[in-house]
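J.: Here is a sequence together with a model predicted from it:
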Amino acid sequence: MALTPFLLGGSDIFDPFNFDSLLLGSRLSDRAGQNSSYARDVAAVANTQVDWKEIAEAHVFKANLPGLSKEEVKVQVQDGRVLQISGERKKEEVSHGEKWHRVERAHGSFLRRFRLPENAQVDKVSAAMENGVLTVTVPKIQKPAPKTIEIQCT
């Protein structure tokens, strides 16, 4: 199933927990033609693929970042509950005497932002990079087990 990316309320934060924003927000394709700089930025963001899954104990984000080192990527939590993944793919240097036949790999800055749900423990976020895949784990606040109250006889 293909998901359509949205810019919410003039922002670039993906918020699957705000249904009104998903319905009323503007689609990327509606704004991409505004200017070439914006279109280029949208393309850079759209080319940074991120999966988000929720498991019992955490929210797990996986981003395909081939060719990047951990020093070229930044993971932050901003504004309380917004996970931000950013970095830059540098353009390969051209040496004298080289003749390029094709350049298809994207380069430039990228930025992805995700609004985290209320159950996210933002102070315990961890990140790891392996084989060009960044994995960000956001533990969930565990609800306390129901407590049974003993009834006293009087």
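T.: Okay, I see it. Numbering: from 1, shown residues only.

J.: alpha carbons only for contacts and neighbour counts from here, please
T.: OK.

J.: Can you list the low-confidence ranges for this protein?
T.: For the chain, the stretches flagged by pLDDT under 70 are 1-47.

J.: Going along the chain, name the strands of it.
T.: 6-7, 13-14, 26-27, 50-54, 58-64, 73-78, 82-89, 108-115, 126-130, 133-139 (DSSP state E).

J.: Adding mean neighbour count and distance to Gly97, write those out as TSV.
T.: What follows is these, written out as TSV (neighbours: other C-alpha atoms under 10 Å; distance: least, C-alpha to C-alpha, whole Å):
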stretch	mean neighbour count	distance to Gly97
strand 6-7	21	43
strand 13-14	19	44
strand 26-27	16	44
strand 50-54	12	38
strand 58-64	19	32
strand 73-78	15	32
strand 82-89	18	24
strand 108-115	18	24
strand 126-130	13	34
strand 133-139	21	34
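
J.: Could you export these as TSV, including distance to Cys153?
T.: Output for these, formatted as TSV (distance: least, C-alpha to C-alpha, whole Å):
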stretch	distance to Cys153
strand 6-7	59
strand 13-14	54
strand 26-27	62
strand 50-54	45
strand 58-64	43
strand 73-78	51
strand 82-89	51
strand 108-115	49
strand 126-130	50
strand 133-139	42
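
J.: Roughly how far does Gln84 sit from Met129?
T.: 16 Å (C-alpha to C-alpha, to the nearest Å).

J.: now Pro139
T.: Pro139 is 18 Å from Met129, by C-alpha to C-alpha.

J.: wait, doesn't Ser86 sit right on Lys70?
T.: No: using C-alpha atoms under 8 Å as the test, Ser86 is too far from Lys70 to be in contact (11.0 Å).

J.: For Val125, grab phi and psi.
T.: Note on Val125: its backbone torsions stand at phi -70, psi 140 [degrees, to the nearest 10].

J.: For the spatially closest residue to it that is not a sequence neighbour, give me its contacts.
T.: Nearest non-adjacent residue to Val125, counting by C-alpha to C-alpha, 6 or more residues apart in numbering: Val138, 4.7 Å away. By C-alpha atoms under 8 Å, 6 or more residues apart in numbering, the residues touching Val138 are Ala58, His59, Val60, Ala120, Gln121, Val122, Lys124, Val125, Ser126.
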